[in-house]
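[1] here's a sequence, model it:
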Amino acid sequence: MKIYDNPEVKRNTGVLFVLVVMLCAAMFGGLWKFEQQITRNYINNHAAIVGSILGKHPNLESEVIPLITKGVNAEDEQKGLELLEQYGYHKQLPLFFFSGLHEIWQQMLIYLVVVFGVFVLGLFLLFWKYSGGIYARIREVTRFANHVLEGHYELKLPETSEGDFSKLTHSFNRMRLAIQRNIEDLVTEKKFLVNLMSDISHQLKTPLASLVMNHDILEERELSKAQQTMFLQKNRQQLERMNWLIQSLLKLAKLDVGAIVFQKKRSSLNQTVYESIDMLKGIAKQKNVRIVIDAEQEIFMEHDKEWMMEALLNMIKNGIEHTANDGHVYVQLEEGKSVCKIHIRDEGEGISREDLPHIFKRFYKGKKNKKSGSVGIGLSLSQSIVEGHQGYINVKSEVGKGTTFTFIFAKMSPNL
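    Residues are numbered from 1 along each chain as shown. Below is the predicted model:
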């Protein structure tokens, strides 16, 4: 009975029921009419016979009338049949020998042909309309499918209120959106790969050129031991920079395509921050920058410790590099009822208002950024990691006074 969930089936079943009722009414009405005609014909024939007999023999009325009204016995009927057969009047006579009955029979045949013809025509029209509606829907789905194959994903197949066609069109529209998303993802991935290769090529061009130049100098010129050591140190710095750059680009690429699955465990966020700062003590000591930690209470959070340290290292290192000698970088942990925050504030030159919306773009360097070694991917990498932990980074900066980056994470219930 699920077929009656379709409005077309309900409607056409109703029309078919009306046609059957009309056919039955016409049949019973016609049969009743022909019954009346046969009765009248039968009475008229008997009346003519009685009138003819009694006209010539009035004294037989008492014998003839009971034969008409009450019927005859089998013996009299047999005698009558034998007598009529002598005049060629028998049961095998064709109907057209009986003029009154033949005429009624012809009328009945014509009436039945007309009634059944109208009924069959109604069924044909009903089938034609029903089939036409179904195949029109199928052609519509086919047409939209061809549009989707041609890349016209903005077109949407109209959905009806209920029934199997509604389910079909809904599934088709979902399929269209899925195909559209898959195509867009493929295009995005292709652009990403092209941009990644371009970025790697562009960023490696300068250190490679420097390495080649230093190698040529070492090979072609007579240099003192001290000069050779200086060039070798420069080459080592360039190699370390290239290694860091390649590793960072690969990490970004894995994060962008979703190849990284964070191994989140509920552990101390304080410990993650302390270990990150310990790894940067050497850089901070070189610039005589002091890292000040403010963590009044132990904060536990679901996070991937290694990747969170990567984000913190990039952000704290950025603060150290932008802070003048003998300055401070402040790291503060804060826990609220619904969020955990990590504030990283430096005493650097600050970020201008026009640069602020772009600082997380890959390879973006501000107009006033004097750091020649900066390639502009640390902030982008940190942002990807934080967002992978369902968090975000808020930035506040004032030119000449410094910048504050805040990692904000929503607290999740341990039972979820």
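[2] hey, let's count contacts and neighbours off CA atoms from now on
    OK.
[3] ok, E302 - how many residues close by?
    Using other C-alpha atoms under 10 Å, E302 has 18 other residues around it.
[4] what residues are up against it?
    264-267, 412 (C-alpha atoms under 8 Å, 6 or more residues apart in numbering).
[5] centre of the chain to stretch 218-226, how far?
    67 Å (C-alpha atoms, centre = their mean, to the nearest Å).
[6] middle-most residue in this protein, spatially?
    For the chain, R174 is the residue whose C-alpha lies nearest the centre (C-alpha atoms, centre = their mean; 2.8 Å).
[7] average pLDDT for the helix or strand where R139 lies, rounded please.
    R139 is part of helix 99-149 when elements are defined by DSSP states H and E. For helix 99-149, mean pLDDT rounds to 81.
[8] ok, now stretch 394-409?
    92.
[9] how about it: buried residues?
    Residues of stretch 394-409 classed as buried by neighbour count (16 or more other C-alpha atoms under 10 Å): 395, 397, 402-409.
[10] repeat for stretch 320-335
    For stretch 320-335, by 16+ other C-alpha under 10 Å, it's 320-324, 327-335.
[11] and the two most separated of the buried residues of stretch 394-409?
    Spanning the widest gap among the buried residues of stretch 394-409 are G402 and F409, at 23.1 Å by C-alpha to C-alpha.
[12] how close does I138 sit to V15?
    23 Å (C-alpha to C-alpha, to the nearest Å).
[13] what does the strand or helix carrying F407 contact?
    Using DSSP H and E, F407 falls within strand 402-410. Residues outside strand 402-410 that contact it (C-alpha under 8 Å, 6+ apart): 315, 338-351, 386, 389-397.
[14] count the residues that sit near the nearest residue to M108 once chain neighbours are set aside.
    Leaving aside its sequence neighbours, M108 sits nearest to F34 (C-alpha to C-alpha, 6 or more residues apart in numbering; 7.0 Å). Applying other C-alpha under 10 Å, we find 16 other residues in the vicinity of F34.
[15] quick one: F34 from L269, how far?
    Using C-alpha to C-alpha, one obtains 100 Å as the distance from F34 to L269.
[16] still on that earlier bit, distance to R236 added to the buried residues of stretch 320-335, as JSON lines?
    Shown next, in JSON lines, are the buried residues of stretch 320-335 (distance: C-alpha to C-alpha, whole Å):
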{"residue": "I320", "distance to R236": "22"}
{"residue": "E321", "distance to R236": "20"}
{"residue": "H322", "distance to R236": "24"}
{"residue": "T323", "distance to R236": "25"}
{"residue": "A324", "distance to R236": "26"}
{"residue": "G327", "distance to R236": "29"}
{"residue": "H328", "distance to R236": "29"}
{"residue": "V329", "distance to R236": "28"}
{"residue": "Y330", "distance to R236": "31"}
{"residue": "V331", "distance to R236": "32"}
{"residue": "Q332", "distance to R236": "35"}
{"residue": "L333", "distance to R236": "37"}
{"residue": "E334", "distance to R236": "40"}
{"residue": "E335", "distance to R236": "42"}
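[17] take those and keep only those in helices.
    If you go by DSSP state H, the buried residues of stretch 320-335 have 320-322 in helices.
[18] can you give me the strands in the stretch 201-350 of the chain?
    265-268, 290-294, 300-303, 328-335, 339-346 (DSSP state E, counting those that start in this stretch).
[19] and those strands: which comes nearest D185?
    Closest approach to D185 among the strands of the stretch 201-350 of the chain is made by strand 300-303 (27.6 Å; C-alpha to C-alpha).
[20] list the neighbouring strands of the closest one plus their orientation.
    Its sheet considered, strand 300-303 pairs with strand 265-268 (antiparallel) by DSSP bridges.
[21] spit out the contact partners of S384.
    252, 255-256.
[22] buried subset of the contacts of strand 402-410?
    Here, 16+ other C-alpha under 10 Å leaves 315, 340-351, 386, 389, 391-393, 395, 397 buried among the contacts of strand 402-410.
[23] about what we covered before: buried among the contacts of S384? Make that a PyMOL selection.
    Entered in PyMOL, the line below selects the buried ones among the contacts of S384, by 16+ other C-alpha under 10 Å:
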select buried, resi 252+255
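[24] narrow the contacts of S384 to those in helices?
    Among the contacts of S384, the ones falling in helices (DSSP H) are 252, 255-256.
[25] quick one: which of those residues is nearest D278?
    L252 (24.1 Å).
[26] now the closest one, nearest residue through space, not along the chain?
    L381 (5.9 Å).
[27] confidence score at that neighbour?
    Per-residue confidence (pLDDT) for L381: 86.
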